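Engineer: after the sequence you'll find the predicted model.
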Amino acid sequence: MRRPFPLIVGAGRCQPCGGDVADKTDEARGKGTGKPAGAKPSRVSTAPIVESTAPPPVDEATAASPQASGGPQPQAAAQQQTTISTSRGFVDFLVTNRLSLALTSYQTGQLMLIGPLLDGRLSVFQRNFLRAMGLSATPQRLYLSTIAQIWRLENVLGPGQLATQQSLHYERLYVPRMSHTTGDIDAHELAVGAKDQLIFVNTKYSCLATLDPVHSFKPLWKPPFISRLAPEDRCHLNGLAMHNGAPKYVTAVSRCDVVDGWRERRHEGGVLVDVDTDRVVTEDLSMPHSPRFNAGTLWVLDSGRGYLCRVDAQSGKTEQVAFCPGFARGLSFWRGYALVATSLPRDGAFKGLELEANVKARDGEPRCGAYIIDTRNGDILHWIRFDGAVRELFDAAFIPGVGAPMCVGVGNPEMRTLITFDGEASGSAAQAVA
């Protein structure tokens, strides 16, 4: 069955989607639905969460190998259901602050765009990008690294326009406009630097790289402990922090300089490195990810222990700010808030990591989801949780100034039928060409 393609409409208030709106977290907690507390959210049309999903094309699912995804293949995962729940004030927080979120899951091969609809319900819009990983998100543009390509998606809506699909109204419509074929270099985090240069972590070759018009990539920098570029994922270079439009800090699981050697160093020896000076800022980390430089402060996820940390860039001293019950990967900031994504263990336990004991010490269970954290005191203010097919997330981003966003997925009918051109952007209406 074909999914109706998006209709782009001009400015003006739209009628809200039909159906009664249940309390956002009462239903998530089983209250007000005739269910005991702790029951899973109802999957009926009156639920406060509106999901838009697409099963992965068969050829994409077949192309994913178990070793590439580190878990179930996308097709197998898509055959399961995912229950989504949120904290009581999650949607209200997004509405009040005019925010949306973007999350990636390489395990299920999905880009998820999350934001409030006009009627107050939460939209979780999912589209398939095989082994979706690194993400850079702005109100106008998304960059996304996948198994063998880096995609650029552009918002095609003009000021005041909405995209309407199945009676739901979206404030952004991101369309894949360009991709660069890198091959399977295991590209992790990416960011946009000065003069719109795209910089990404080339994990397989243990370096930072940018796009090359002829070749798969152009190397920019490698850690001082890596002797040469080789497709061996020696240290598991994974995270990138930018400062003043240039790469400033990176994270790696170890200093190892032998093929796949980082796996024996997962519990300790993770490093945060200054790109400008090649100096190791700290090596007292466990599987670190997602360094960020925000408002004059250096941050990092000490993933093997479960903490969002603040780091003194001079002394290397690390301060644990907030504990997240899961393997933390993906970090974004907006004003005084941090967004952290977490994943479940792949084999039922975080073997060899302090994270396992840290969760048990709090009498908790690991979760797959995302947390909004007050960086002043480490309080987790709001959360969204995934139970079911989605077990691992990779990257996370705030999208400021945007309500519910949507996007066109690779291989979906909209790739052929949605056609826009300059001139319609300022018009009162524009429709996809079937």
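Structural biologist: Everything's here; your move. Numbers count the residues shown, from 1 in each chain.
Engineer: how far away is A132 from D302?
Structural biologist: Note on A132: its distance to D302, by C-beta to C-beta, to the nearest Å, is 24 Å. Quick note: C-beta positions are derived from backbone N, CA and C, even for glycine.
Engineer: over to N412?
Structural biologist: Separation of N412 from D302 (C-beta to C-beta) stands at 38 Å.
Engineer: neighbour count: these two, which is higher?
Structural biologist: Using other C-beta atoms under 10 Å, the more surrounded residue of N412 and D302 is D302, with 26 against 19.
Engineer: next, give phi and psi for the more buried one.
Structural biologist: phi -90, psi 80 (degrees, to the nearest 10).
Engineer: V408 too?
Structural biologist: Dihedral pair for V408: phi -90, psi 130, per degrees, to the nearest 10.
Engineer: what does V91 give?
Structural biologist: Backbone torsions for V91, taken as degrees, to the nearest 10, come to phi -70, psi -40.
Engineer: try T96
Structural biologist: Dihedral angles (degrees, to the nearest 10) for T96: phi -60, psi -40.
Engineer: surely C324 touches S303?
Structural biologist: No: with contact defined as C-beta atoms under 8 Å, C324 does not reach S303; the gap is 9.3 Å.
Engineer: the more surrounded of those two?
Structural biologist: Shown here are C324 and S303; by other C-beta under 10 Å, S303 has more neighbours (30 against 25).
Engineer: Y337 versus that one, what's the distance?
Structural biologist: From S303 over to Y337 the distance is 20 Å, taken as C-beta to C-beta.
Engineer: what's the answer for T417, then?
Structural biologist: Taken as C-beta to C-beta, the span from T417 to Y337 is 38 Å.
Engineer: same deal with F90?
Structural biologist: According to C-beta to C-beta, F90 stands 13 Å off from Y337.
Engineer: any common contacting residues for the two?
Structural biologist: I372 (C-beta atoms under 8 Å, 6 or more residues apart in numbering).
Engineer: neighbour count for the two, which is higher?
Structural biologist: Neighbour comparison, F90 and Y337: the larger count goes to F90, with 26 against 18 (by other C-beta under 10 Å).
Engineer: quick check: which element contains the residue nearest to the more buried one when sequence neighbours are not counted?
Structural biologist: Spatial nearest neighbour of F90, chain neighbours left out: H382 (4.4 Å); criterion: C-beta to C-beta, 6 or more residues apart in numbering. Assessed by DSSP states H and E, H382 sits inside strand 379-388.
Engineer: show me what counts as buried in whichever helix or strand comes after that strand.
Structural biologist: The helix or strand immediately downstream of strand 379-388 is strand 396-400, counting by DSSP H and E. Residues of strand 396-400 classed as buried by neighbour count (16 or more other C-beta atoms under 10 Å): 396-399.
Engineer: cool, stretch 191-200 as well?
Structural biologist: 191, 198-200.
Engineer: with stretch 249-264 instead?
Structural biologist: 249-257, 261-262.
Engineer: surely the residue nearest to F90 and F93 touch.
Structural biologist: Yes: using C-beta under 8 Å, H382 is in contact with F93, at 5.2 Å.
Engineer: which of these two has more neighbours?
Structural biologist: H382 (21 against 17).
Engineer: for the more buried one, give the beta-bridge partners.
Structural biologist: H382 has these beta-bridge partners by DSSP bridges: I372.
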